[in-house]
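**Student:** just coords:
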């Protein structure tokens, strides 16, 4: 319960103090990221032959695998994060205001990781810019991958703008207490700031939030990313208009899980029990359950459609999916998580922070598994199945698995750097819970 | 042409916009103007002609009007107006003419005698105007032509009257015994790596037949190729002039979306270092960018500097545009059957209109593969198709006139031919350019052991000494260092 709302001092603590925990976390994340960059260097040198990918057809493999699965997973986290933050601003969901910025930052971090996966997946990453740009006016009309790049860029710009606008207020009002060595950075983000802009900024942010909420289901996980697959007629496992909603539920579920994990880490690291309250975590856990339920419901839609009187190719693909042990584990995991979520909703005593944290980790594991399976299982059961080598086989190599550790570490590093730059909890969230900004400002400025 | 693509995108012809008549916008137009101003001719005239050329293409003004409008100006500027006169044209052909871009007619005009190549002339005449008009027409139709702009290729063959050929094959499955000579011929020609069987032959069993059936599977060179459509960089593209579906190895970023989108499974990625080094494929001592920079000609132009260089070297790597599209791909890019573009462009010692797999099949005395221009009724492919169906008709004709009420000919045989023809997965709308004679595999067909194993052509039995296998995955799983024992590798040429 938010009986003692936080103070500005609280949100400044990560910037001003560096704990032993921070150094350990930074050290581990940096080491893992470096290790992976060496592994990626090896891949650059030898080519994608260091993965377990291969050609479908007579080749007997899958040309896309963990890299694309993880790419979708990161985009999903990113996408859900910004929706959460936009919902807070648009519908005034005050309870979640302390995590709104965490969700925005998660979007930026996760989108960067998704972009990195595009690079890692390429046979010739060196050509990415020189090949994509000249043909772009033509390819954007026909290639879902070109749409994809467009929309990821759009979301990155929107989220960065959003963040850039909202931190101006915080930095300006806390400037006196922020460290001087970052002076140039703070001058840059508050460039041209005047107190009169606050209302305008607030309105701009509201409209941006509206834009994000409106565009989100149409683009990114609701549209462009599932279209990468569902528009391909040769792979029946990817077929169907349900992919849009399905991807969206996975995105939202993964993002809530991500926000819970990061919020937990912040609360643990900076004693923010009074800012990131139990009540907020319980609310997030309920949302995790709701989106998880939608995820299962849409899986059921696909399974029933696939196994009941579907044309041969579609049925083969679906039967293969539901008998695949990893799929059963993933879906079983979601069911267990839902059991916990509904138990704690009915009986508050069942709730614990650690249980919600575990549920979030498990949910991210389940969504990642489902995404990777979706990608390569789709490719293993093509419409044209005369090849003896079809269905082929695929299991990610160590090189591919290491990219997961690498990107998670990089995203962690991103957060560890950000917490040193500006408050990751909005000043508004701790200033005053009664929405009387002006009084709070005055106090702020004079103190 | 893809009508649905054009219509939903831009209902109005781009020349109608006020800012810029060119669909690529003002910036493009300005660049064209700059180019025109670099020439010794009148840029304003060029731009004005280009604008009207677009109206002409849209059917707003007639070709006669267009001709008359500029006759004097053109004569003054170039001291001649050799654009084709309409008196020379049979009115019956007018419809055909109207379908062509006016740029084509402009480009035909030879202002400085026969020596000037068309491309050079276009440059000089400030037929940047023509270029503009042509480019606009092309993009409006969702069909960037080969040259407009130079670095972006199209995804469909040009319309019938604008293309030179539509290469394809007629494959007689009843003549195939799966000797795999075509597979080996392709490997010898292109130097593909182990397991990258650009030409592949299925042996399969079907429910209703006891016998072994074969299906010869090159790339289908679809006229509506899904692989070209989805490519995010237009490395996978369709050559407008002859419909070949090719990969520009210098543009490909290796995302493998073409492989994912192709319903036939004909793509083979170069996961690691290719088995055959470039030095063994390349007969030309030039870098790819140098080849592109050579003065090149249009399709079929035998006088250009590039053509001379490539044909002198018996080159099998570049096409007429100087693009690296032939032979095996370099590491990190996508490869597949090319239908030998360097042969079709006349660079190699092998004649135009042949492909390596067909030559190998003929050499075995099988002649199951018949490559040719499917647009041309007299091509080998079409003649074979005709003769084969005619033979069957004569068998049928034997029954004609036999009056036997118990024998219902209509139901025992097809009225035209007993031999069936089909195109693979045609219902997916890909418009494949391989026509098969024989039985189509049914939904429950299953691939079986081939009578000749792929491995037979390994080592010294191919030109490069590479290993040949059916399924590639196991070979790739060895990783970058390759299989532990490399028996028979490094064989001589």
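**Tutor:** That came through, no problem. Keep in mind that this is a model prediction, so the values were computed, not measured.

**Student:** Look up how far residue A:317 lies from the residue in the stretch 201-350 of chain A that chain B sits nearest to.
**Tutor:** Ranked by C-beta to the nearest C-beta, the top residue of the stretch 201-350 of chain A for proximity to chain B is residue A:234, at 3.5 Å. Every C-beta, even on glycine, is put in place using the N, C-alpha and C of the backbone. The gap separating residue A:234 from residue A:317 is 12 Å, by C-beta to C-beta, to the nearest Å.

**Student:** now do residue B:330
**Tutor:** 34 Å.

**Student:** And for residue A:367?
**Tutor:** Taken as C-beta to C-beta, the span from residue A:367 to residue A:317 is 20 Å.

**Student:** Repeat that for residue A:66.
**Tutor:** From residue A:66 to residue A:317 the distance is 19 Å (C-beta to C-beta).

**Student:** One more: residue A:337?
**Tutor:** 26 Å.

**Student:** same deal with residue B:269?
**Tutor:** 22 Å.

**Student:** cool, and residue A:104?
**Tutor:** Taken as C-beta to C-beta, the span from residue A:104 to residue A:317 is 38 Å.

**Student:** now swap in residue A:264 and tell me
**Tutor:** According to C-beta to C-beta, residue A:264 stands 38 Å off from residue A:317.

**Student:** the more surrounded of those two?
**Tutor:** residue A:317 (25 against 18; other C-beta atoms under 10 Å in any protein chain shown).

**Student:** Go through the helix or strand harbouring that one and flag the buried ones.
**Tutor:** Using DSSP states H and E, the element containing residue A:317 is helix A:312-323. Within helix A:312-323, the residues that qualify as buried are A:313-318, A:320-321, counting by 16 or more other C-beta atoms under 10 Å in any protein chain shown.

**Student:** ok, now stretch B:249-260?
**Tutor:** Buried residues in stretch B:249-260 (16+ other C-beta under 10 Å): B:249-260.

**Student:** Let me see the mean pLDDT of stretch A:21-39.
**Tutor:** Mean pLDDT, computed over stretch A:21-39, is 97.

**Student:** again, but for stretch A:75-88
**Tutor:** In this model, stretch A:75-88 has an average pLDDT of 89.

**Student:** On the three-state scheme, whichever residue of the stretch 1-150 of chain A sits closest to chain B is what?
**Tutor:** Nearest residue of the stretch 1-150 of chain A to chain B: residue A:123, at 1.9 Å (C-beta to the nearest C-beta). Assigned with DSSP: H, G, I helix; E, B strand; the rest coil, residue A:123 falls in the coil class.

**Student:** ok, now how distant is the closest residue to it other than its chain neighbours from residue B:231?
**Tutor:** Excluding its sequence neighbours, the residue lying closest to residue A:123 (C-beta to C-beta, 6 or more residues apart in numbering or on different chains) is residue B:254, at 1.9 Å. Separation of residue B:254 from residue B:231 (C-beta to C-beta): 11 Å.

**Student:** and what of residue B:49?
**Tutor:** Residue B:49 is 34 Å from residue B:231, by C-beta to C-beta.

**Student:** now swap in residue A:397 and tell me
**Tutor:** From residue A:397 across to residue B:231, the span is 26 Å (C-beta to C-beta).

**Student:** what about these two, which has more around it?
**Tutor:** Higher neighbour count among residue A:397 and residue B:231: residue B:231, with 31 against 18, using other C-beta under 10 Å.

**Student:** list the contacts for the residue nearest to that one when sequence neighbours are not counted?
**Tutor:** Using C-beta to C-beta, 6+ apart and skipping the chain neighbours, the partner closest in space to residue B:231 is residue B:258 (5.7 Å). Residues near residue B:258 by C-beta atoms under 8 Å, 6 or more residues apart in numbering or on different chains: B:227-228, B:230-231, B:236, B:247, B:267, B:334.

**Student:** so residue B:258 is in which element?
**Tutor:** helix B:257-261.

**Student:** Can you pull out the low-pLDDT segments for the chain?
**Tutor:** Here I'm looking at chain A. A:1-5, A:309-310, A:432-447 (pLDDT under 70).

**Student:** Chain B is the one I meant
**Tutor:** B:1-29, B:31-32, B:35-36, B:38-41, B:50, B:53-151, B:391-418, B:485-493.

**Student:** can you give me the strands in it?
**Tutor:** B:167-172, B:200-205, B:213-217, B:236-238, B:245-247, B:268-269, B:334-335, B:369-373, B:421-422, B:434-437, B:446-447 (DSSP state E).

**Student:** and the second one, is it in reach of chain A?
**Tutor:** Going back to what we said before, that points to strand B:200-205. Yes. Legend: contact between strand B:200-205 and chain A by C-beta under 8 Å from any C-beta of the partner chain is shown at B:200, B:202, B:204.

**Student:** was I right about the last one contacting residue B:446?
**Tutor:** What it means is residue B:204. Yes. Residue B:204 sits in contact with residue B:446 when judged by C-beta atoms under 8 Å, with a separation of 6.0 Å.

**Student:** Name the residues contacting each of these two.
**Tutor:** residue A:386.

**Student:** more crowded one of those two?
**Tutor:** residue B:204 (19 against 13).

**Student:** which ones are touching that one?
**Tutor:** A:386, B:212-215, B:441, B:445-448.

**Student:** if you set the cut-off to 6 Å instead, what comes out?
**Tutor:** B:213, B:441, B:445, B:447 (C-beta atoms under 6 Å, 6 or more residues apart in numbering or on different chains).

**Student:** who touches the first one in this structure?
**Tutor:** Shown here is residue B:213, whose contacts under the criterion C-beta under 6 Å, 6+ apart are B:204, B:206.

**Student:** do you know how far residue A:254 is from residue A:363?
**Tutor:** Relative to residue A:363, and taking C-beta to C-beta, residue A:254 is found at 7 Å.

**Student:** So between the two, which is more surrounded?
**Tutor:** residue A:254 (32 against 28).

**Student:** I'd assumed residue A:115 was in a strand, is it?
**Tutor:** No. Under three-state DSSP, residue A:115 falls outside any strand and is assigned helix.

**Student:** quick one: the nearest residue to it once chain neighbours are set aside from residue A:71, how far?
**Tutor:** What sits nearest to residue A:115 in space, not counting adjacent residues and going by C-beta to C-beta, 6+ apart, is residue A:152, at 6.5 Å. Shown here: residue A:152 relative to residue A:71, a distance of 10 Å by C-beta to C-beta.

**Student:** Those two: who's more crowded?
**Tutor:** residue A:71 (26 against 23).

**Student:** Quick check, the more buried one in contact with residue A:115.
**Tutor:** No. Look at residue A:71 against residue A:115 with C-beta atoms under 6 Å: they stay out of range, at 8.8 Å.

**Student:** ok, which residues in the stretch 1-150 of chain A are in contact with chain B?
**Tutor:** With the criterion set to C-beta under 6 Å from any C-beta of the partner chain, the stretch 1-150 of chain A comes near chain B through A:46-49, A:54-61, A:63, A:122-124, A:127-128, A:131-132, A:134-135, A:138-139, A:142-143, A:145-146.

**Student:** those helices in the stretch 151-300 of chain B, which residues are they?
**Tutor:** For the stretch 151-300 of chain B, applying DSSP state H, counting those that start in this stretch gives helices covering B:181-190, B:226-230, B:257-261, B:278-281, B:288-293.

**Student:** Out of the ones you listed, which gets nearest to residue A:100?
**Tutor:** Among these, the nearest to residue A:100 by C-beta to C-beta is helix B:257-261 (35.9 Å).

**Student:** Distance check, residue A:414 against residue B:364.
**Tutor:** Counting by C-beta to C-beta - residue A:414 and residue B:364 are separated by 62 Å.

**Student:** try residue B:200
**Tutor:** On the measure of C-beta to C-beta, residue B:200 and residue B:364 end up 17 Å apart.

**Student:** Show me which of the two is the more surrounded one.
**Tutor:** Between residue B:200 and residue B:364, counted using other C-beta under 10 Å, the more crowded position is residue B:200 (24 against 16).

**Student:** Which residues of the stretch 251-400 of chain A lie near chain B?
**Tutor:** Contact residues (C-beta under 6 Å from any C-beta) of the stretch 251-400 of chain A with chain B: A:312, A:383-384, A:386, A:388-389.
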